[in-house]
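Need coordinates for the below:
(one chain, ligands or ions: 2)
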Amino acid sequence: MSDTTTVLHCPKCNEVGHVDRFKDLNIFVRMECPKCNFRWKTLSKRCKKCFKPNGFAVEGYCSSCYSEMYR
Ligand SMILES: [Zn+2]
Ligand SMILES: [Zn+2]
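Ligands and ions are numbered 1, 2, ... in the order given. You can find the predicted model right below:
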């Protein structure tokens, strides 16, 4: 397994994981499996607007661009 793709599914049981926690503008997000509690690290997607890591494992805007659009 490489660190160059975003891994949404648990490497152990293939359940869809959720983001455990993230740091602002960190290229890596921590994922956690709701089924077996396995944790793994994956690449964050990039914001479509500013192209910085958005802090999420799914496509979308980063939190600063998001709050700019919806304030
Ligand atoms: Zn799992
Ligand atoms: Zn952004």
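
Could you use CA atoms for every contact and neighbour count after this?
Fine.

okay, now the residue lying closest to Gly60 once chain neighbours are set aside: neighbour count?
Nearest non-adjacent residue to Gly60, counting by CA to CA, 6 or more residues apart in numbering: Cys47, 5.8 Å away. A count of nearby residues for Cys47, using other CA atoms under 10 Å, gives 22.

was I right about Cys47 contacting Tyr61?
Yes - counting by CA atoms under 8 Å, Tyr61 is a contact partner of Cys47 at 4.5 Å.

Name the residues contacting each of those two.
Shared contacts of Cys47 and Tyr61 (CA atoms under 8 Å, 6 or more residues apart in numbering): Asn54.

can you map out the strands along the protein?
For the chain, the strands defined by DSSP state E cover 18-21, 28-32, 39-43.

export those to CSV and tack on mean pLDDT and distance to ligand 1?
CSV is the format used below for those (pLDDT from 0 to 100; distance: least, CA to the ion, whole Å):
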stretch, mean pLDDT, distance to ligand 1
strand 18-21, 80, 11
strand 28-32, 88, 8
strand 39-43, 90, 8
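
winner for burial among those?
strand 28-32 (a mean of 23; mean count of other CA atoms under 10 Å).

Output that one as CSV, nothing but the C-alphas.
The C-alpha coordinates for strand 28-32 follow below in CSV (Å, rounded to 0.1, in the frame of the first residue of the first chain):
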residue,chain,number,x,y,z
PHE,A,28,-2.6,13.6,5.7
VAL,A,29,-5.8,12.7,7.4
ARG,A,30,-6.3,9.9,10.0
MET,A,31,-9.0,7.4,9.1
GLU,A,32,-10.8,5.1,11.5
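
just how off-centre is it within its chain?
6 Å (CA atoms, centre = their mean, to the nearest Å).

partner strands of it, parallel or antiparallel?
strand 18-21 (antiparallel), strand 39-43 (antiparallel) (DSSP bridges).

Check Thr5 and give its pLDDT.
We have a pLDDT of 76 for Thr5.

residue contacts, it?
Per CA under 8 Å, 6+ apart, neighbours of Thr5: 42-43.

Val29 is in contact with Gly55, correct?
Yes - under the criterion of CA under 8 Å, Gly55 makes contact with Val29 at 6.3 Å.

State the pLDDT value of the residue nearest to Cys36 when sequence neighbours are not counted.
Leaving out its chain neighbours, the residue that sits closest to Cys36 by CA to CA, 6+ apart is Cys13, at 7.5 Å. On pLDDT, Cys13 comes in at 97.

Right, I'll call it a day here.
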